[in-house]
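Enquirer: for reference, the sequence and a predicted model appear below.
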Amino acid sequence: MKAVRHSLGLRAAVLSLLIFAALVLIWQVAAQPAAGSAVAVDPEYAKLVGAAAATGTKSAMPTPVDIGATILKHLADPFYVRGSNDKGIGVQLAYSLGRVLLGFGLAALLAVPLGFLIGMSPLVYRALDPFIQILKPVSPLAWMPLALYTIKDSAISSIFVIFICSVWPMLINTAFGVASVRREWLNVARTLEVGPLRTAFRVILPAAAPTIMTGMRISIGIAWLVIVAAEMLVGGTGIGYFVWNEWNNLSIANIVTAILLIGLVGLLLDQGLAWLTRLVTYPE
Amino acid sequence: MDRPLISVEGLARRFGDTTVFEDLWLGIDRGEFVCLIGHSGCGKTTILNVLAGLDTPSDGTVIVDNREIDGPSLDRAVIFQGHALLPWLTVMGNIAFAVGSRWSGWDRERVQAHARKFIELVGLKGAEAKRPAQLSGGMKQRVGIARALSIQPKMLLMDEPFSALDALTRGLLQDEVLRICAEMQQTVFMITHDVDEAILLADKIVLMTNGPGARIAEIVVNTMPRGERHRNDLHRHAQYYAIRNHLVEFLVNRSKAFDREIADGSYDPRRPRLVRPGLAGINPTAEIVPLRQSQ
C-alpha cells in the first residue's frame, strides 16, 4: 500500500494541535480543586481571598474552561465603557495600540530622515555612533521618570517612552542601509548625472528599503513589549493597566485573557510589517 | 587641425607613494573603437574611471570635445563590468531611469517609447517587465548596453563588459556590439584582457606596460578592416596571426621589460609608436595634439 504523505505544514499543524490539547489537559487537571482537604486557615486570610480559595477547595488559578468562558465574555462585548476603571478589553487594547502607533510613527518621522543623513556621511556616522551605542541598550522604562518630570503628563510620557525605544533600531538600520548601498548603483546615478534628490529617492531609498523596514519591524516589536510595562507604571488606560488592575482584583482569568490578546496583537503587528518588508524587498 | 574627440593628456594616478600609471597620452577619434589591453595592476579600470569622471587623476587631464572633463557626464556612458542594474526596477524601469535622466522634460510615454527602441536594439523585446534577477548574465549585460546606448552618448566606456559571461554568450554579444557600434558610428573605449576580443572589435589596440608606473607602450592599428572581421573566420584572415602574435608577444615578454625599450631613447610618451603588424613599411608615430603645452 502506498503511504499517504502529507505536507510538512499539515503535519506541523496537527502536532501543534496535539501539543495544545496536551497542555490544556495538564493545566485542567492541575487546577482541579483538591477534594476533601479542608485545612484550618487564618480567618483573616480567608476573608481576604474568599473561603473557597483559602481552604484550597478552589484554587485562584483558573482552569482552561474558566479562561475560555472569560475570553468569550470579553469577546462578546469588547468595547463597553462603564466608568474609568471598567472598560472593555477592546477599548484598552485600542488605547495601547494608539499609543504605540503614535510613538512609533513619530519615531519613524525622525529616525528615517536622520538615519538617511547619518548614512550618507561617514563623518556624521562616526560622530553619532557613540551616542547611539550608549543610548540604544538603555531600557526605555528608565526614561520614564525623566519623561514624567519634564513632560508632566503621564499619557504623553508613555508615548515618549514608545518613541524613544522605537527610534534606535530604525535609526541604526536606516543609517546602515543607506551607508551600504552598492557603490556601483551610486556610480550609475553619477554617470547619468542624476541630482542628489532624485538619487536619494530613486536609488538610495529603494536600495535601503528592505533594511529600513527590518528596523521598523524590530522597533514595533519592542514598542509593543514596552507599552504593557509603561502602562502598568502610569496607569489609567491601556492593556498594561488592565493587566495591573486585574492583578489587584486577583482575576487570573482576565490576566490570562489579556496575555493571549497581547500576543495576538503583537503577532499581527509583526506580520503586517513583515508583509510590507516583502513588498519592498528585491532579489539580487 | 582636427583634434580627436577624446584627448588624454599627461594622465597620472597615484595612491599614496604608488604610481599606478603616469604620463599617458592618447587620442581617440570620433567613431573609433579603441581597446586597452594590459595586465592586471596597470590601472586599466582606473583609466576608465577617470574617463568616466568617477575618479580624478593625480596629474594631467582629459579633453572631450574640446572641454576638460570635471566629473561624470551623460556624454560618456559607462557599461560596467558587473552590469550594475538596479535590481528593484524592471528592464524597462532601468532603461527608462537612464532616459528620464537624460531628457528630464519628457513625459512617461515618450521616455518609454524611446527606451523600447533600445530594448529592441539589443534583442530583449518581450523581456521589458522582467527584473534583473530573472535574467541570465548575458541578458543583464544586454540591458546594461541598452541603458548606455539609450542616452545617446558621445562615447561609450566599457570595462571588461563580457568577462563574466560564458564563451558562447560572449561571442554573441561581441557580434551585437560590433553591429550596433557600426550602425550608430559610436565612439568606444573598451578595456579587455582578451586578445581575440580586441582583434575582433577594435580599430586600435592600446598596449599598457605592467604597473606600477604603467605607461602606454604602443598603439596597434588593426590592419583588418571592419568589414572583414567576422568572429567565425577571423583566424583565416591573412593579417590575423600577425596582429595576434604581436599582441601576445607584447603581453608575454615585452610588457614587463619595456623599461629597456624606453632606455634606447626612441620612446616618446606623447607619441606612442603606431604599429601596423603584418603590413610592411614605416610605422609613423601617433599624432596627438596637446590642448596645452605643459612644461
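Expert: Okay, I see it.
Enquirer: low-confidence bits of chain B, can you list those?
Expert: Within chain B, the ranges that satisfy pLDDT under 70 run B:1-2, B:280-295.
Enquirer: interface residues of chain A facing chain B?
Expert: Applying Cβ under 8 Å from any Cβ of the partner chain, one finds that chain A approaches chain B through A:182, A:184-185, A:187-188, A:190-194, A:198, A:202-203, A:206-207, A:209, A:280, A:282-284. Yep, even glycine has a C-beta here, placed from its N, CA and C like the rest.
Enquirer: again, 10 Å this time
Expert: A:182-195, A:198-199, A:202-203, A:205-207, A:209-210, A:280-284 (Cβ under 10 Å from any Cβ of the partner chain).
Enquirer: now, these that are in helices?
Expert: Using DSSP state H, the subset of those located in helices is A:183-191, A:198-199, A:205-207, A:209-210, A:280.
Enquirer: and the strands in chain B?
Expert: B:6-15, B:18-28, B:33-37, B:59-64, B:67-68, B:76-79, B:155-159, B:187-192, B:204-208, B:216-221, B:273-275 (DSSP state E).
Enquirer: how is chain A carved up into domains?
Expert: A:33-61, A:89-280 (automatic domain parsing).
Enquirer: and these, which one is worst for confidence?
Expert: Among the domains of chain A, domain A:33-61 has the lowest mean pLDDT, at a mean of 61.
Enquirer: contacts only, for residue A:70.
Expert: A:62, A:89, A:251-258 (Cβ atoms under 10 Å, 6 or more residues apart in numbering or on different chains).
Enquirer: please apply the same query to residue B:73.
Expert: Residue B:73 is in contact with A:190-193, B:52-53, B:64, B:67, B:153-155, counting by Cβ under 10 Å, 6+ apart.
Enquirer: what's the answer for residue B:140, then?
Expert: B:82-85, B:87, B:91, B:94, B:132-134, B:164-165.
Enquirer: and what of residue B:14?
Expert: Taking Cβ under 10 Å, 6+ apart as the test, what residue B:14 contacts is B:20-22, B:57-59, B:212-213.
Enquirer: buried among those residues? Need that as a selection in ChimeraX.
Expert: Buried members of those, defined by 16 or more other Cβ atoms under 10 Å in any protein chain shown, are picked up in ChimeraX with:
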select /B:20,21,22,57,213
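Enquirer: and the contacts of residue B:14, which is closest to chain A?
Expert: The closest of those to chain A turns out to be residue B:57 (Cβ to the nearest Cβ; 16.7 Å).
Enquirer: run the angle between the longest helix along chain B and strand B:155-159 for me.
Expert: Longest helix in chain B, counting residues (DSSP H): helix B:167-184. In terms of direction (axes from the mean of the first three to the mean of the last three Cα atoms, to 10 degrees), helix B:167-184 departs from strand B:155-159 by 170 degrees.
Enquirer: quick one: buried residues of helix B:167-184?
Expert: Result for helix B:167-184 [16+ other Cβ under 10 Å]: buried residues B:169-174, B:176-178, B:180-181.
Enquirer: thinking again about what came up before, now, the contacts of residue B:140 that are in helices?
Expert: Judged by DSSP H, the subset of the contacts of residue B:140 located in helices is B:91, B:94.
Enquirer: nearest to residue A:216 among the contacts of residue B:140?
Expert: residue B:87 (21.0 Å; Cβ to Cβ).
Enquirer: contacting residues for the closest one?
Expert: Going by Cβ under 10 Å, 6+ apart, residue B:87 touches A:182, A:185, A:206-207, A:282-284, B:94, B:131-133, B:140.
Enquirer: name only those of the contacts of residue B:73 that count as buried.
Expert: Those of these that meet the buried threshold are A:190-193, B:52-53, B:64, B:153-155, by 16+ other Cβ under 10 Å.
Enquirer: want to try JSON lines for those, with distance to residue A:167 as columns?
Expert: Shown next, in JSON lines, are the buried ones among the contacts of residue B:73 (distance: Cβ to Cβ, whole Å):
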{"residue": "A:190", "distance to residue A:167": "32"}
{"residue": "A:191", "distance to residue A:167": "36"}
{"residue": "A:192", "distance to residue A:167": "35"}
{"residue": "A:193", "distance to residue A:167": "35"}
{"residue": "B:52", "distance to residue A:167": "39"}
{"residue": "B:53", "distance to residue A:167": "39"}
{"residue": "B:64", "distance to residue A:167": "48"}
{"residue": "B:153", "distance to residue A:167": "45"}
{"residue": "B:154", "distance to residue A:167": "48"}
{"residue": "B:155", "distance to residue A:167": "48"}
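Enquirer: which one of these is nearest to residue A:76?
Expert: Once Cβ to Cβ is applied, the member of these that ends up nearest residue A:76 is residue A:192, at 61.4 Å.
Enquirer: would you mind measuring from the residue nearest to that closest one when sequence neighbours are not counted to residue B:182?
Expert: Spatial nearest neighbour of residue A:192, excluding adjacent residues (Cβ to Cβ, 6 or more residues apart in numbering or on different chains): residue B:101 at 4.1 Å. Using Cβ to Cβ, to the nearest Å, residue B:101 is found at 27 Å from residue B:182.
Enquirer: what's the helix or strand for the residue positioned nearest the centre of chain A?
Expert: Centroid check for chain A by Cα atoms, centre = their mean gives residue A:224 as the closest residue, at 2.2 Å. Per DSSP states H and E, residue A:224 falls inside helix A:205-234.
Enquirer: hang on, the earlier thing: of the contacts of residue B:140, just the buried ones, PyMOL syntax please.
Expert: Burial among those is assessed by 16+ other Cβ under 10 Å; the matching PyMOL selection reads:
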select buried, chain B and resi 83+84+85+87+91+94+132+165
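Enquirer: contacts only, for residue 94.
Expert: No chain was given, so I picked chain A. Contacts of residue A:94 (Cβ under 10 Å, 6+ apart): A:78-79, A:87-88, A:237-239.
Enquirer: nope, chain B please
Expert: Taking Cβ under 10 Å, 6+ apart, one finds A:188, B:83-88, B:115, B:119, B:131-132, B:140, B:143-144, B:146-147, B:150 in contact with residue B:94.
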